[in-house]
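Undergrad: Just to be clear, the model below is a prediction. Sequence and coordinates:
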Protein chains: 2
Amino acid sequence: MVRASEARTSRQEQVEQRRAELLEAAKQVVLERGLSHTRVADVAAATRVSGGLIHYHFATKDVLLTEMLRTEAERDIAKARRLATGTGNPLARLDRVMREFVPSSRNDQTWVLWIDAWGAGLRDETLRTISEELDAAWNEMLFIVISDGVASGDFTTTDPRGVADRISALLDGLGLRVTLQRPGISRKQMQEHARVIAELELGLAPGSLADAAT
Amino acid sequence: MVRASEARTSRQEQVEQRRAELLEAAKQVVLERGLSHTRVADVAAATRVSGGLIHYHFATKDVLLTEMLRTEAERDIAKARRLATGTGNPLARLDRVMREFVPSSRNDQTWVLWIDAWGAGLRDETLRTISEELDAAWNEMLFIVISDGVASGDFTTTDPRGVADRISALLDGLGLRVTLQRPGISRKQMQEHARVIAELELGLAPGSLADAAT
DNA sequence: ACAACTTCACTGAATATTCAGTCAGTGGGC
DNA sequence: GCCCACTGACTGAATATTCAGTGAAGTTGT
């Protein structure tokens, strides 16, 4: 019978949805409690589901958390690609990518998650690889935008790869400070620092990037 | 009796020494297992001491680990001050401070410890403050060296504070990458990136900082 | 179309383990 | 004789994982 494949939600789709729901709940719990203090029971409670169900879908807690991070990384990578390859001249695209790096708030979900993951990655090969791929993707997007700008004559540099490396490292360092609420560094200042470095590195007149935004 | 104060090791000194020994052991365990996976029993075993003794000297595990991080931070801060205020012209001192930032190996103890602490600091006010003070100290040292250089005419910038902020954020981002063993970033490249940015920011001719080292 | 059968997502309680923290006791040095 | 650093067995709580059982959804045979 063909009925099953027509159904709005086949069994397989329901399982898929439940897994996604559990991953999302896991993410929320991790944001609140941190990777290492997240309990399986928390995820179950957040989903209003029995503890056993978590293990029905994910062999172990580690698998659950790793999958969650993998999913998030993929989402972020897709976003990075979208921003870098979107419309606009290189100036506008660079501005867009750099803005996206700035934590949206004191406890930007993405940043909290990845700062946590950096620590876990020190001892977990798999997690290290996941955060590395995310890292590499952002780096690559910066590189592409910068290369395009050099090709179009908007930017001037002899080492686009190096510039991309430095800008993305700078942004990580700044994002970390903003997320950890270091005194004297606001989102606005982070934005400003990024602009200054990019202008210096790419031979732009001071303010060109600020103008690009408008 | 005055004897006690003469003795090579008074009781108080012995306690002091034991505490230091436990803190050092705690550090080693944390480096191996990570902050969140460190067990009291590990620290006891590493010191060849009973589990009870840990709690004799430190009320709780959290106190032990927090004290350990505080101690390490103080040591690092002292080192930063020594480097920044030592002999040499601003160029040499800047070079010295920036070099010290570079992880000494793939698993530089200091870096591993603080990357871990960043994560923990997301949810622990005390830890956040400790790493913040360390951060602030390095930042301040960079600022002092840069200001001195501007005063002496070696460096050119209108915003020494901003330059210090950007260089220290860049160094954090780079150190993180080196410590997490990101492909395509070696200690040498980190050194190079830092040099390039500093030269750009401080109006130095390319290579000036490399020469300063010799 | 219906009954019998199978599958499987899910529950909730049991299990097993891991650890931080406690405490009664010990012994060496002042 | 008294401190007090130290031991090590013990407790109790936390919590990942297992598992027997349940019922609804889906399938098969007639």
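TA: The structure has been received and is ready for your questions. Residues are numbered from 1 along each chain as shown, chains lettered A, B, ... in the order given.
Undergrad: Please tell me how far residue A:83 sits from DNA strand D.
TA: Between residue A:83 and DNA strand D the computed distance is 36 Å (C-beta to the nearest atom of the strand, to the nearest Å). Every C-beta, even on glycine, is put in place using the N, C-alpha and C of the backbone.
Undergrad: wait, residue A:165
TA: Using C-beta to the nearest atom of the strand, residue A:165 is found at 38 Å from DNA strand D.
Undergrad: hang on, isn't that residue packed against residue A:139?
TA: Yes. Between residue A:165 and residue A:139 there is a contact under C-beta atoms under 8 Å: 6.7 Å.
Undergrad: For the two, indicate the residue with more neighbours.
TA: More neighbours surround residue A:165 than the other of residue A:165 and residue A:139, with 25 against 21 (other C-beta atoms under 10 Å in any protein chain shown).
Undergrad: can you tell me the average pLDDT over the strand or helix carrying residue A:14?
TA: Following DSSP states H and E, the helix or strand that holds residue A:14 is helix A:11-33. In this model, helix A:11-33 carries a mean pLDDT of 93.
Undergrad: And for stretch A:88-96?
TA: Here stretch A:88-96 scores 94 as its mean pLDDT.
Undergrad: residues contacting the residue nearest to residue A:25 when sequence neighbours are not counted?
TA: Excluding the flanking residues, the one nearest residue A:25 by C-beta to C-beta, 6 or more residues apart in numbering or on different chains is residue A:46, at 4.1 Å. Shown in contact with residue A:46 (C-beta atoms under 8 Å, 6 or more residues apart in numbering or on different chains): A:25, A:28-29.
Undergrad: mind saving the C-alpha coords of the strand or helix carrying residue A:46 as PDB?
TA: Residue A:46 is part of helix A:40-47 when elements are defined by DSSP H and E. In PDB, the C-alpha atoms belonging to helix A:40-47 read as follows (Å, rounded to 0.1, in the frame of the first residue of the first chain):
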ATOM      1  CA  VAL A  40      19.900  13.800  30.300                       C
ATOM      2  CA  ALA A  41      17.000  14.300  32.700                       C
ATOM      3  CA  ASP A  42      17.100  18.100  31.900                       C
ATOM      4  CA  VAL A  43      16.700  17.500  28.300                       C
ATOM      5  CA  ALA A  44      13.900  15.000  29.000                       C
ATOM      6  CA  ALA A  45      12.100  17.500  31.200                       C
ATOM      7  CA  ALA A  46      12.500  20.300  28.700                       C
ATOM      8  CA  THR A  47      10.700  18.100  26.100                       C
END
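Undergrad: Run the angle between it and helix A:11-33 for me.
TA: 110 degrees (axes from the mean of the first three to the mean of the last three C-alpha atoms, to 10 degrees).
Undergrad: what residue ranges in chain A score low on pLDDT?
TA: When residues are selected by pLDDT under 70, those of chain A lie in A:1-9, A:212-214.
Undergrad: What residues sit buried inside the longest helix that chain A contains?
TA: Counting by DSSP state H, the longest helix found in chain A is helix A:125-152. By neighbour count on 16 or more other C-beta atoms under 10 Å in any protein chain shown, the buried set for helix A:125-152 is A:127-128, A:130-132, A:134-135, A:137-150.
Undergrad: Tell me which residue is most central in chain A.
TA: Taking C-alpha atoms, centre = their mean, the centroid of chain A lies closest to residue A:76, which sits 4.2 Å from it.
Undergrad: Which strand or helix spans it?
TA: Going by DSSP H and E, residue A:76 is part of helix A:61-85.
Undergrad: which residues are in contact with the helix or strand that that helix is followed by?
TA: Next helix or strand after helix A:61-85 toward the C-terminus (DSSP H and E): helix A:90-101. By C-beta under 8 Å, 6+ apart, the surrounding residues in contact with helix A:90-101 are A:79-80, A:83-84, A:86, A:88, A:138, A:141-142, A:145-146, A:148-149, A:152, A:154-155, A:167, A:171, A:175, A:191, A:194-195, A:198, A:204, A:208-209, A:212-213.
Undergrad: make it 6 Å
TA: Helix A:90-101 has contacts (C-beta atoms under 6 Å, 6 or more residues apart in numbering or on different chains) with A:83-84, A:141, A:145, A:148-149, A:152, A:154, A:171, A:194, A:209, A:212-213.
Undergrad: Using JSON lines, lay out those together with distance to residue B:161.
TA: Formatted as JSON lines, these follow (distance: C-beta to C-beta, whole Å):
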{"residue": "A:83", "distance to residue B:161": "30"}
{"residue": "A:84", "distance to residue B:161": "31"}
{"residue": "A:141", "distance to residue B:161": "30"}
{"residue": "A:145", "distance to residue B:161": "29"}
{"residue": "A:148", "distance to residue B:161": "33"}
{"residue": "A:149", "distance to residue B:161": "29"}
{"residue": "A:152", "distance to residue B:161": "34"}
{"residue": "A:154", "distance to residue B:161": "30"}
{"residue": "A:171", "distance to residue B:161": "19"}
{"residue": "A:194", "distance to residue B:161": "16"}
{"residue": "A:209", "distance to residue B:161": "20"}
{"residue": "A:212", "distance to residue B:161": "25"}
{"residue": "A:213", "distance to residue B:161": "24"}
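Undergrad: Report the two of the residues you listed separated the most.
TA: Pairwise distances across these (C-beta to C-beta) peak at 22.8 Å, for the pair A:152 and A:171.
Undergrad: quick one on the thing from earlier: contacts made by the helix holding residue A:14 with the rest, please.
TA: Here helix A:11-33 has contacts from A:38, A:42-43, A:46-47, A:57, A:64, A:68, A:71, A:109, A:112, using C-beta under 6 Å, 6+ apart.
Undergrad: Tell me the gap between that helix and the middle of its chain.
TA: 18 Å (C-alpha atoms, centre = their mean, to the nearest Å).
Undergrad: domain ranges for chain A?
TA: Domain assignment of chain A by automatic domain parsing yields the ranges A:1-58, A:65-213.
Undergrad: and the first one, anywhere near DNA strand C?
TA: Right, the one you point to is domain A:1-58. Yes. On the criterion C-beta under 7 Å from any atom of the strand, domain A:1-58 is in touch with DNA strand C at A:11, A:14-15, A:18, A:49-53, A:56-57.
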